[in-house]
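# The amino acid sequence is not available; the structure is as follows:
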């Protein structure tokens, strides 16, 4: 049987005029995501006092949000305005790689955040000797690159499959959905996918839970003032973790283990939650809870507004001067 070179996104068919409303919603969401996360990245990069492990990890979350959504929003918005809704096999596998590596990077960063908070609370005097910028850079590199290599191998294995069908019932490319369209034995890719899921999702999640349980035990044995300060620094990370974990668990459960008859819009919502909500929620949570980040963002905005006002007044003065000179000459 001839192998398929294109896939068709079936959920975009027969949307009618509602696709323009969905396009507008997607465009607004994407602009909000880019704006919020770029503000966080710039605030942390430009402020030297924020060049600390915790803030660097927060900027990593924002960088990862920009990276992951870049593979989803432009493509889905173009599909909403298109009449064909097709994607080449190569582009589909690349989108799978970016979206899955976005997921593993998020879990890796949340794991490093939990480790950072655990060291800061359990060994406050040795914290700066244990969590140095060099150590943090190495940890980020290892925990981002290794899962991406594993996902790349999964992409190569998927590309070697022979496809018997070309209809994807998703709004983005999903590796498991592609494997289900194959007419060859997908045992190897399924086993490898389970391995990647364990090392990039299950193990980091277990380590995160272990870290926060240990933190809670330490807080229970400490003074109320210490407990309040420790929980104040951990709660934003826990909120981000719970939201992202729920989104991933919902998506994996619906894709692999559950075959429920539910409305299409509801299944699409559950499959997109991990791609849409965290990139918006993350910068909002950190900007609202960390005074240093919020102060830097507002000072940058005020500075930019002041520059714009000065430029505006300067241009008007220049125009007025030229007009005056012109009138004097006449």
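Happy to help now that I have it. Here the structure is a predicted model, which means the values were calculated and not measured.
# Can you give me the buried ones in stretch 240-247?
For stretch 240-247, a neighbour-count test (16 or more other Cβ atoms under 10 Å) marks 240-241, 243-245, 247 as buried. For the C-beta atoms, the positions are set from N, CA and C on the backbone; glycine is no exception.
# chain center to that stretch, what's the gap?
12 Å (Cα atoms, centre = their mean, to the nearest Å).
# I would like the residues contacting it, please.
Identification of contacts with stretch 240-247 by Cβ atoms under 8 Å, 6 or more residues apart in numbering yields 61, 106-107, 110, 114, 205, 208, 273-275, 277-278, 281-282, 285.
# Now with 7 Å, please.
Residues outside stretch 240-247 that contact it (Cβ atoms under 7 Å, 6 or more residues apart in numbering) are 106, 110, 205, 208, 273-274, 277-278, 281-282, 285.
# Identify those among the residues you listed that sit within strands.
Assignment to strands by DSSP state E places none of the contacts of stretch 240-247 there.
# Can you tell me which of those residues has the most neighbours?
residue 106 (28 neighbours; other Cβ atoms under 10 Å).
# wait, what's in contact with that one?
By Cβ under 7 Å, 6+ apart, residue 106 lies in contact with 64, 244, 278.
# State the distance from the second one to residue 146.
Looking back up the chat, that one is residue 244. 20 Å (Cβ to Cβ, to the nearest Å).
# Quick check: which helices or strands does the helix or strand where residue 40 lies pack against?
Residue 40 is located in helix 18-46, with elements delineated by DSSP states H and E. Applying 3 or more Cβ pairs under 7 Å, 6 or more residues apart in numbering; DSSP states H and E, one finds that helix 18-46 contacts helix 53-70, helix 73-81, helix 264-289, helix 291-329.
# worst average pLDDT in these?
Among these, helix 291-329 carries the lowest mean pLDDT, at a mean of 60.
# Can you pull the poorly scored residue ranges out of this protein?
Filtered on pLDDT under 70, the chain yields the residue ranges 1-4, 256-262, 300-330.
# Look at residue 7 and give its secondary structure.
On the three-state scheme (DSSP: H, G, I helix; E, B strand; the rest coil), residue 7 is labelled strand.
# Contact partners for it?
Taking Cβ under 7 Å, 6+ apart as the test, what residue 7 contacts is 86-87, 89, 92, 166, 168.
# again, only using 8 Å
86-89, 92, 166-168, 173, 178, 181.
# ok, now residue 275?
Going by Cβ under 8 Å, 6+ apart, residue 275 touches 68-69, 72, 99, 102, 172, 247.
# Residue 89 reaches residue 158, doesn't it?
No: the pair residue 89 / residue 158 is not scored as a contact, 9.1 Å apart, by Cβ atoms under 8 Å.
# Same drill for those two, tell me which one is more crowded.
Of the pair residue 89 and residue 158, residue 158 is the one with more neighbours under other Cβ under 10 Å, namely 24 against 19.
# before we move on, back to that, from the contacts of residue 7, which single one is nearest residue 290?
Nearest to residue 290, judged by Cβ to Cβ, of the contacts of residue 7 is residue 173 at 35.3 Å.
# give me the number of residues near the closest one?
The number of residues packed around residue 173, counting by other Cβ under 10 Å, is 26.
# which residues touch the residue nearest in space to the middle of the chain?
By Cα atoms, centre = their mean, the chain has its centre lying nearest to residue 65, at 2.9 Å. Contacts for residue 65 (Cβ under 8 Å, 6+ apart) come out as 33, 37, 278-279, 282-283.
# what's the closest of these to residue 217?
The closest of the contacts of residue 65, once distances to residue 217 are taken by Cβ to Cβ, is residue 282, at 27.1 Å.
# Is the closest one in contact with residue 60, as I believe?
No: using Cβ under 8 Å, residue 282 is not in contact with residue 60; the gap is 10.5 Å.
# list the contacts for residue 34?
66, 69.
# same question, the one 4 residues further on
By Cβ under 8 Å, 6+ apart, the residues touching residue 38 are 62, 66.
# Please identify which of the buried residues of stretch 240-247 is nearest to residue 162.
Comparing the buried residues of stretch 240-247 against residue 162 with Cβ to Cβ places residue 247 closest, at 32.3 Å.
# On the three-state scheme, that closest one is what?
helix.
# From residue 70, how far off is it?
Counting by Cβ to Cβ, the gap between residue 247 and residue 70 amounts to 18 Å.
# The closest residue in space to residue 284 that isn't next to it in sequence: neighbour count?
Residue nearest to residue 284 in three dimensions, not counting chain neighbours: residue 36, with 6.7 Å by Cβ to Cβ, 6 or more residues apart in numbering. Around residue 36 there are 21 other residues, counting by other Cβ under 10 Å.
# just to revisit the earlier point, any chance of the contacts of stretch 240-247 in a markdown table with distance to residue 18 as columns?
Compiled in a markdown table, the contacts of stretch 240-247 are given as follows (distance: Cβ to Cβ, whole Å):
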| residue | distance to residue 18 |
| --- | --- |
| 106 | 30 |
| 110 | 35 |
| 205 | 37 |
| 208 | 39 |
| 273 | 20 |
| 274 | 24 |
| 277 | 22 |
| 278 | 26 |
| 281 | 26 |
| 282 | 29 |
| 285 | 31 |
